[in-house]
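Trainee: Provided below for reference: sequence and predicted model.
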Amino acid sequence: MLYCKYINFHNESSWPEIDIEKIIDCLKKVLPNNLIEKKKESLLDLNSIDKEKSLSFYDHAIVQDLKKPLYIYDLNHNSYYSHSYNHNEKKVVTFNKKNEFVDLLLYDGFVIQKILQKLIKNDEQQLQQQQQHQQQQKQELTLTKLYILVTDKLLCTFDDTDWRYHARSLICGNPTLISTSGIVEGIAKPRDYYLKLYFFREDLDIIDQLKREYNGEFINYNDPRINDIIVGLVLQSLFYFINSGDPFCHDRNCRLFNAHFQDDIIRINIKEKKICQRHKILLNKYNQSLFINNHCSKKSSE
């Protein structure tokens, strides 16, 4: 079991409905011994070795072929920054009433995660040097501090079982990535929705009609229910560390259930909000251990 004492939120989403303070208040009820904070600065504002390269990293994570994985997971590879892609040529957007546009390009979540890890490592190393602690030593990214990034980018990962990319709402690890577009597009809507969308695809107003017909049955863009969904995804991310890389539950009524359908993610995060008995035991053990650890750290510093 690994312990993430600090949880830092970085919100890069444009959704005005996202309320990080509300999310933190909900999490503190479940994680009373964690220090959970909202950070104003972007993760991209962290000190980096090459600022110009780091700021353009989203372009390098764009998926160009659903059947071909990006090979650049080694960020020390010389060809990484020589990769060229004119994303303006293939940018796909859909307009809606609240957002100016929704970026529906696919981004490789692991590529983004790897680059952010390098930025975080470098930033923590510089802070450590400023405090004159362990100077000249290489700083490794630890789990003392867990970074959560909420983004509108449509994240995906490559699955070698069917050899294609799949949209994701959550990518566990440090940093943890939560995609608002992944929640909307990556989690399946009711089967009848897709059937009607297919058979009436020539009707230009079909999408708006279906949204009205299935109102409330799935999470849509700028949905005020998004905060409860994010709370559930953060808990899954934390259990990735608590439960040795296994963040999910087989119990369909547990908040840690790996929901592939919209009705499931709405039920476990909005209607039920329950954690099964097995995971409650793990959570209690985690909270108790973190309390003891915090108490011992406080005594040793006195």
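Mentor: The structure has been received and is ready for your questions.
Trainee: all strands for this protein, in order.
Mentor: 6-11, 35-39, 93-94, 102-103, 106-108, 145-151, 154-159, 164-167, 170-171, 176-179 (DSSP state E).
Trainee: Nearest approach to Gln277 belongs to which of those?
Mentor: strand 170-171 (23.4 Å; CB to CB). Using the backbone N, CA and C atoms, a C-beta is placed for each residue, glycine as well.
Trainee: Any chance of CSV for the strands of the chain, columns mean neighbour count?
Mentor: Below are the strands of the chain laid out as CSV (neighbours: other CB atoms under 10 Å):
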stretch, mean neighbour count
strand 6-11, 19
strand 35-39, 15
strand 93-94, 12
strand 102-103, 19
strand 106-108, 24
strand 145-151, 23
strand 154-159, 20
strand 164-167, 18
strand 170-171, 23
strand 176-179, 26
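Trainee: Let me know which of those strands is the nearest to Leu197.
Mentor: Closest approach to Leu197 among the strands of the chain (CB to CB): strand 93-94, 13.9 Å.
Trainee: Name the residue closest to the centre of the chain, please.
Mentor: Taking CA atoms, centre = their mean, the centroid of the chain lies closest to Ile178, which sits 1.8 Å from it.
Trainee: Verify the contact between that one and Asp152 for me.
Mentor: No: counting by CB atoms under 8 Å, Asp152 is not a contact partner of Ile178; they are 10.4 Å apart.
Trainee: for the residue nearest to the centre of the chain, what are its contacts?
Mentor: Ile178 makes contact with Ile148, Leu149, Val150, Thr151, Ser169, Leu170, Ile230, Leu233, Val234, Ser237 under the criterion CB atoms under 8 Å, 6 or more residues apart in numbering.
Trainee: and of those, the nearest to Glu272?
Mentor: Leu233 (15.3 Å).
Trainee: I'd say that closest one and Leu170 touch.
Mentor: Yes: counting by CB under 8 Å, Leu233 sits close enough to Leu170 to count as a contact (4.7 Å).
Trainee: ok, back up a step: make CSV from the contacts of Ile178 and add distance to Tyr214 and pLDDT to it.
Mentor: Shown next, in CSV, are the contacts of Ile178 (distance: CB to CB, whole Å; pLDDT from 0 to 100):
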residue, distance to Tyr214, pLDDT
Ile148, 30, 96
Leu149, 30, 96
Val150, 25, 96
Thr151, 26, 95
Ser169, 19, 97
Leu170, 23, 97
Ile230, 22, 98
Leu233, 22, 98
Val234, 27, 97
Ser237, 29, 95
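Trainee: that older thread, nearest to Glu213, out of the strands of the chain?
Mentor: Each of these has some distance to Glu213 by CB to CB; the shortest is strand 93-94, at 18.8 Å.
Trainee: Distance of the nearest residue to Lys196 once chain neighbours are set aside relative to Pro16?
Mentor: Sequence neighbours aside, Leu210 is the residue nearest to Lys196 in space, at 6.1 Å (criterion: CB to CB, 6 or more residues apart in numbering). Distance, Leu210 to Pro16, using CB to CB, to the nearest Å: 24 Å.
Trainee: The two: which is more packed in?
Mentor: Neighbours per residue, other CB atoms under 10 Å: of Leu210 and Pro16, the larger number sits with Leu210, 19 against 10.
Trainee: so what's His250 up against?
Mentor: With contact set as CB under 8 Å, 6+ apart, His250 has these partners: Phe257.
Trainee: again, only this time at 10 Å
Mentor: When contacts are counted by CB atoms under 10 Å, 6 or more residues apart in numbering, His250 touches Leu256, Phe257, Asn258, Cys276, Arg278.
Trainee: For the first one, give its distance to Leu235.
Mentor: If you measure Leu256 against Leu235 using CB to CB, the figure is 7 Å.
Trainee: Arg201 now?
Mentor: Distance, Arg201 to Leu235, by CB to CB: 38 Å.
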